[in-house]
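*Asks:* structure for the following, please:
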Amino acid sequence: MVTLFTRIIERELPGRFVWKDDLCVAFLTIQPLRPGHTLVVPRVEVDHWIDLKPDLLSHLTQTAQTIGKAIQTIWNPEKVALYLVGVEVPHVHFHVSPIWDMEDIRFDLADTNATAVSMNDAADRIRIELKHMGCSSVAG
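*Replies:* Coordinates of the predicted model:
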């Protein structure tokens, strides 16, 4: 069965993409924990991260690290969190999100009413910073 993320990747559903390459994409989650909360998702559907091929796992974490550096520059958080849960959608995805304290990684506190304006602004800011960093895989 095709996952929600595959439908976003294939443009059947909307997504605010900040990164696209041959192996993965990154887009903002619709329920951000903090502004800039981004998901890094492989194009291939894999349910459990332990089933990823090592090269793909490495690529995903390198992409997440690059996006994390952009998030650090933009929002100047205490840390940029990288976490992997994988229960809600059966398609591996890394969360990359600015955090200031442990409350910032509580999914029950996610912004379920994030506005299109704030989401577009966050995506634009990440894209601009990635371009400034010299990244060639910035989604346009």
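
*Asks:* buried residues, the host helix or strand of Ala81. List them.
*Replies:* Using DSSP states H and E, Ala81 sits in strand 79-84. In terms of neighbour count (16 or more other Cβ atoms under 10 Å), strand 79-84 has its buried residues at 80-81. For the C-beta atoms, the positions are set from N, CA and C on the backbone; glycine is no exception.

*Asks:* the following helix or strand past it to strand 79-84, inter-axis angle?
*Replies:* Next helix or strand after strand 79-84 toward the C-terminus (DSSP H and E): strand 94-99. Inter-element angle recorded for strand 94-99 and strand 79-84: 160 degrees (by axes from the mean of the first three to the mean of the last three Cα atoms, to 10 degrees).

*Asks:* okay, now the sheet partners of strand 94-99, with direction.
*Replies:* With DSSP bridges as the test, strand 94-99 is paired with strand 38-42 (antiparallel), strand 79-84 (antiparallel).
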